[in-house]
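[1] everything below, folded, please.
(3 chains)
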Amino acid sequence: MTVETPMTQDAKQPVLEIRNLRIALPKGADRPYALDGLDLTLNPGEIVCMVGESGSGKSLTAGAVMRLLPEPHVRVAGGDIRFMGEDILSKSEGEMRDLRGNRISMIFQEPMTALNPQKTVGWQIDEVLKLHMQGSRAERRAHALEMLNRVHIPDPASAYNAYPHQISGGQRQRVMIAMALSLSPRLVIADEPTTALDVTTQLQILKLIRELQEQEDAGILFITHDFGVVAEIADQVIVLRQGEVVEQGPAAQVLNAPQHPYTKALIASVPDLTPPTAKPVSEKPVVLSGTHLKKTFAARGGLLTGKRKAVVAVKDLSFELHQGETLGVVGESGSGKTTVSRLVTRLLEADGGEVRLAGQDLLALAPRDMRRMRKDIQMVFQDPMASLNPRKRVVDLIAQGPIVHGEDPAKARERARELLQLVELSPAAANRFPHEFSGGQRQRIGIARALAMEPKVIVADEPVSALDVSVQAQVLKLLADLRDRMHLSLLFVTHDLRVAAQLCDSIIVMQKGEIVERGPPSAIFADPQHSYTRTLLSSIPGRHWTPPVSGTDAA
Amino acid sequence: MRLPMPPILIYALRRLVQAVPVIILIMIGTFLLLKLAPGDTVDALVGDMGGADANFIARLREEYGLDQPVWVQLWRYMAKLATFDFGWSFVYEQPVSTVLLDRLGVTLLLMATSLSIAFTVGIALGAIAARRAYSLTDNMISTLGLVFYATPSFFLSLMMMLLFSVKLGWLPVGGIKSIAAFYTGWDHIVDVALHLVMPTAALSLIYLSFYLRLMRSSVMEVADLDFVRTARAKGAGEARLMFHHIMRNALLPVVTLFGLQFSTVLGGSVVVETIFTLPGLGQLAYQSVVQRDMNTLMGIIFLSSVIVVVVNFLTDLLYARLDSRIELV
Amino acid sequence: MTTLDTDLRPPEPSRLIVFWHRYRRNRAALLGLVLFAIVVLMALTAGIVAPGDPLGRAGAPLTAPFTNPETPLGTDQLGRDIFAGLFYGARISLLIGVVATLISIAIGIVIGALSGYFGGWVDDVLMRITEAFQTIPNFVLLLTLVAILGSKIEWITLAIGIVSWTAPARMVRAEFMSLRHREFVDAARNLGVSNASLIFREILPNALPPIIVYASVIMALSILLESALAFLGLGDPNYASWGNMIGQGRAVLRTAWYCAAIPGIAIVLTVLSFSLLGEGLNDALNPRQKKT
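    Have a look, this model is predicted:
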């Protein structure tokens, strides 16, 4: 990792200087200022990472620099922003329009939604050129094609004529980058540019950003929540919490010797990549097994044609989960890992194969018998926002399962209150509705709901991927504790290798519906056999960095 | 895809295959429904003649096949319908198809003028209102939209008649052309246009308000999307945002509504044509119901269903043209 | 230093209060509520304010408004009191509006829920039927139904319900299709909840807000449909109806335009109140759409 010492030549003017920036929130918000007293200096050829959890005010900083805040509700209330020495805040809207896309440009988080679905890629790149560059149509086209080439898009000419939905997520992000860099801006603001991408794509995009930045000598303000990404790319780091800067400095210093307790806690929440030493090979009985599971989706083709082309989500998958252990199902999007969790719980009907739970083949059961068997295999879902019925009180959500299975409602509710304590929530939570809780709290409620059935197996489908990293660590810890105390067996679906390393006793790695590798994490991480596993492991952002204070030993 | 036929033809054929069962369903349903009605064609005929003896009535029934079981009658009717034979109108003493064709032009003209006005003015006003959301302009446009929406077309028609025909004498009170004038050429066109001003206004204002309200909320929604923010970050100005990024995306739900609502607009022509005594299908529908001319009524239902199906097909094509995510392959 | 995630936020006020606060923010919606209350009040007090038959002769024919305190809004060509007609007409409009809306929403929910929840051939069959109903111009179907069933008020209400269920059905279907794959539905299914409970206890309550908002639209449309029928002389002749009053007023439009104008304004205001009400409900029930 390169850490640049402050430039010696003073001739190099900072690209961006922010002094004491303060952004006001509308009345009635949870705090008066989204951002309070931010100082920042960004030199050419430098990447400054702004790190913070959701609600820390990091994205609004980007809005303020671009002068694209949703005014008048959210506005700059004080301070000074200078771009190449010029005062940004005093510029007219017309002058700002000349700067945007030209000398200051931006890369956004969601490549899916950040491009206009109705215009071709070429048109959208051409728009920047048309707005800021004098040149004939042919010159602009040549320039756009060259940019597509520079971001390593295969076959730029056909990408130029493609619509955004016709190219992959990673390529869309490359297009965004091509668009942002096409006029050699001095400042690029990248707002979580890799968060929506798979880990292998993420690394490619990070490398690309680095590469182009070195060619152009631009300054990059890089916004992220992921310390792995920070370790990968940052020169300077600013840690934000609730709109206040808690720590800032060179990347090596902040990452390896954090000073502020909040930074320490955040870094401690990043799961370690080195798995704990392997437990002895399990002799415990198998509780859940899948054999030769298959699932093919008949996906719709063009909306008007009704032409269907089949997508194989899972082909011939077999696994065994031992009593009291955790089996991790790891893969990128499209690997079929989520389908596995749905097949096992029979929320999706498999095309073939068997799922045996305590000797019974779940897939062969009649619907009525399946409903009865469901108490033995429970699920914790990915999205804590969507997995709780918003119109039910927490106590009813937790008690619902036992009541359906014939438990006396009063008893079930009493038990629900006990379970709330078990997942470390106050009993006062019982009578509230889901929207009154934070994401992590909702996920705790989801866990309590699963536990209420006293299941033999819990299937957890990316249970922490929607949570901030510090909350993530707490929920993982709870899950591990409960598993050990209650002898639960866990089928844990995740895309995050760090999480899998810490929590799982054994792992299966999936690619395109197939298992490419399986074994205990210590073995897989130390000596991956399959090339895909190797790519996956070498793509983990910040893999060379070991978080200094190892606080959470989840497993 | 390499196919010998152009994609649009394949698509049209597929839609046709889908539409046929729907129309058959409609015709069977209507036929059975009308059989439930008290009195049949013969009753209506006999009523017109002022009574007849029982033998004659029975003979008439036999002649028209009305003595057969319902399903035989249904089969015969559907078989004739398959050859576009709608039967005989006893009120107009003509084949139903002749009556329908006579009336079709006026209705299509009324539909075309009202809908194009409603659609273009509606989306224009909706877009303006959305870009100036919560301003005085927006409030005025939105209030106007609400009032149009709440005004029944027949009431609006009467008030317009009162003002423009009775008080001011600017516009003719009804009909499609001046009967005794025998205009030709330009004069004829101007004459017809004058006759259509009020019916068009009466029919279009309520739908104009629909499109206006939907367009306004649609534009506001699209304006909040990520790609509009991207365009802003590229340095695009407001006009550019509106025309190149927002409009086309915001139009999609409006086009959908247009397709879904077309049959309602056609229904609305019943009232308007009746008030302004326009000799179109709507007025014919009203008269057939009142005069119990069942063959004509069935014919109207068939013809209007076909028109609706065709218009829906055209709106789907327009939608596919506007939304590049949809491929007609 | 990181706050523990388990600390609860302070409790939020009850849903009803939140609802009212959001509703109240929209001033036009408040106006709608007031107008609506007036119409309801008119319907309730018709018998007290104007006792006697509203279709009976109350004074000299074609008395102008504000000339005779007995008939404050004048009389029509048969000497019927327009003021009384207005009050009794409110009754009919509201009655038909409410009942027809309930009928159409009920049909719409059943068809839409089955179609959206089960998909597959159930959806195909039900959607073909819906399309058939949607393809026939609704007013033509309404005329046909009234011609067959007769002009009694019960039948008219039923007929209006039958011609207006397709839009709510499509809407419920769309809601169900998007909700049935939500994780909370999977979660409930995974607890062993039956299909019927999933439809009615898990999904339906979440699908209701847009349906409630749309009910105000159907209510307005039902009133418009009824008045159009009555205007064409196909309404129930035994009840005073605004549409009928306008239809009668048409004959004397040249001399006594108020006969048509007064009930017309009543319809406009009533329909207006419903759409304002609908907007207020929308703001209150789907708060994410509004940013002020």
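
[2] from chain B, how far out is the spatially most central residue of chain C?
    For chain C, the residue nearest the mean C-alpha position is C:Met219 (1.1 Å; C-alpha atoms, centre = their mean). Separation of C:Met219 from chain B (C-beta to the nearest C-beta, to the nearest Å): 12 Å. Every residue, glycine included, has its C-beta placed from N, CA and C.

[3] what of A:Lys411?
    47 Å.

[4] how about A:Leu363?
    Relative to chain B, A:Leu363 is positioned 35 Å away (C-beta to the nearest C-beta).

[5] quick one: residues contacting that residue.
    By C-beta atoms under 8 Å, 6 or more residues apart in numbering or on different chains, the contact set of A:Leu363 is A:346, A:349-350, A:353-355.

[6] check which helix or strand covers the residue nearest to the centre of chain C.
    Using DSSP states H and E, C:Met219 falls within helix C:204-231.

[7] which residues touch residue 270?
    Since you didn't name a chain, this refers to chain A. A:227-228, A:469, A:498, A:547.

[8] can you look at chain C instead?
    Counting by C-beta under 8 Å, 6+ apart, C:Thr270 makes contact with B:150, C:35, C:39, C:90, C:93, C:223.

[9] pretty sure the fourth one is touching C:Ala37, no?
    This means C:Ala90. No. C:Ala90 is beyond contact range of C:Ala37, at 11.7 Å (criterion: C-beta atoms under 8 Å).

[10] neighbour count for these two, which is higher?
    More neighbours surround C:Ala90 than the other of C:Ala90 and C:Ala37, with 23 against 11 (other C-beta atoms under 10 Å in any protein chain shown).

[11] ok, A:Tyr33 to chain C distance?
    19 Å.

[12] would you turn the contacts of C:Thr270 into JSON lines with secondary structure, pLDDT and distance to A:Leu321?
    Converted to JSON lines, the contacts of C:Thr270 look like this (DSSP: H, G, I helix; E, B strand; the rest coil; pLDDT from 0 to 100; distance: C-beta to C-beta, whole Å):
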{"residue": "B:Ala150", "secondary structure": "helix", "pLDDT": "91", "distance to A:Leu321": "63"}
{"residue": "C:Leu35", "secondary structure": "helix", "pLDDT": "93", "distance to A:Leu321": "63"}
{"residue": "C:Val39", "secondary structure": "helix", "pLDDT": "92", "distance to A:Leu321": "64"}
{"residue": "C:Ala90", "secondary structure": "helix", "pLDDT": "92", "distance to A:Leu321": "68"}
{"residue": "C:Ser93", "secondary structure": "helix", "pLDDT": "90", "distance to A:Leu321": "65"}
{"residue": "C:Ile223", "secondary structure": "helix", "pLDDT": "92", "distance to A:Leu321": "62"}
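
[13] may I ask which helix or strand of chain B has the lowest mean pLDDT?
    helix B:41-49 (a mean of 73; mean pLDDT, DSSP states H and E).

[14] next secondary structure after it?
    Once helix B:41-49 ends, the next helix or strand along the chain (criterion: DSSP H and E) is helix B:54-63.

[15] I'd like to know which elements that next one is packed against.
    helix B:41-49 (3 or more C-beta pairs under 8 Å, 6 or more residues apart in numbering or on different chains; DSSP states H and E).

[16] mind listing residues that contact the helix it packs on?
    B:39, B:52, B:57, B:60-61, B:64, B:66, B:90, B:291-295.

[17] 6 Å - rerun?
    Helix B:41-49 has contacts (C-beta atoms under 6 Å, 6 or more residues apart in numbering or on different chains) with B:52, B:57, B:60-61, B:90, B:292, B:294.

[18] then stretch B:151-168?
    Here stretch B:151-168 makes contact (C-beta under 6 Å, 6+ apart) with B:170-171, B:173, B:198, B:202, B:271-272, B:275, C:224, C:227-228, C:231, C:246, C:250, C:253-254, C:257, C:260, C:264, C:267-268.

[19] show me which of those residues are buried.
    B:171, B:198, B:202, B:271-272, B:275, C:224, C:227-228, C:231, C:246, C:250, C:253, C:257, C:260, C:264, C:267-268 (16 or more other C-beta atoms under 10 Å in any protein chain shown).

[20] out of these, list just those in helices.
    If you go by DSSP state H, those have B:198, B:202, B:271-272, B:275, C:224, C:227-228, C:231, C:246, C:250, C:260, C:264, C:267-268 in helices.

[21] ranges for the helices of the stretch 51-200 of chain C?
    Secondary structure of the stretch 51-200 of chain C, counting by DSSP state H, counting those that start in this stretch: helices at C:82-118, C:120-135, C:138-149, C:153-163, C:166-179, C:183-190, C:195-197.

[22] now do the first one and helix C:204-231, the angle between them.
    So the one you mean is helix C:82-118. Using axes from the mean of the first three to the mean of the last three C-alpha atoms, to 10 degrees, the inter-axis angle of helix C:82-118 relative to helix C:204-231 is 140 degrees.

[23] tell me the least confident of the contacts of helix B:41-49?
    Taking the contacts of helix B:41-49 together, the minimum pLDDT is found at B:Ala52 (74).

[24] just to revisit the earlier point, so which of the contacts of A:Val270 belong to helices?
    With helices taken from DSSP H, the overlap with the contacts of A:Val270 comprises A:227-228, A:469, A:498.

[25] picking that back up, which one of the helices of the stretch 51-200 of chain C lies closest to chain B?
    Closest to chain B of the helices of the stretch 51-200 of chain C is helix C:138-149 (C-beta to the nearest C-beta; 3.1 Å).

[26] for that closest one, which outside residues touch it?
    Defining contact as C-beta under 6 Å, 6+ apart, one finds that helix C:138-149 is touched by B:36-37, B:264, B:267, B:270, B:285, B:289, C:155, C:159, C:163, C:234.

[27] one more pass at 7 Å, please.
    Identification of contacts with helix C:138-149 by C-beta atoms under 7 Å, 6 or more residues apart in numbering or on different chains yields B:33-34, B:36-37, B:263-264, B:267-268, B:270, B:285-286, B:289, B:297, B:300-301, B:304, C:155-156, C:159-160, C:162-164, C:225, C:229, C:234.

[28] list only buried entries from the residues you listed.
    Using 16+ other C-beta under 10 Å, the buried ones in the contacts of helix C:138-149 are B:33-34, B:37, B:263-264, B:267-268, B:270, B:285-286, B:289, B:297, B:300-301, B:304, C:156, C:159-160, C:162-164, C:225, C:229, C:234.

[29] among those residues, which are in reach of chain A?
    Among those, no residue lies close to chain A (C-beta under 7 Å from any C-beta of the partner chain).

[30] which bits of the stretch 101-250 of chain C sit near chain A?
    C:182-184, C:186-193, C:202, C:205-206.
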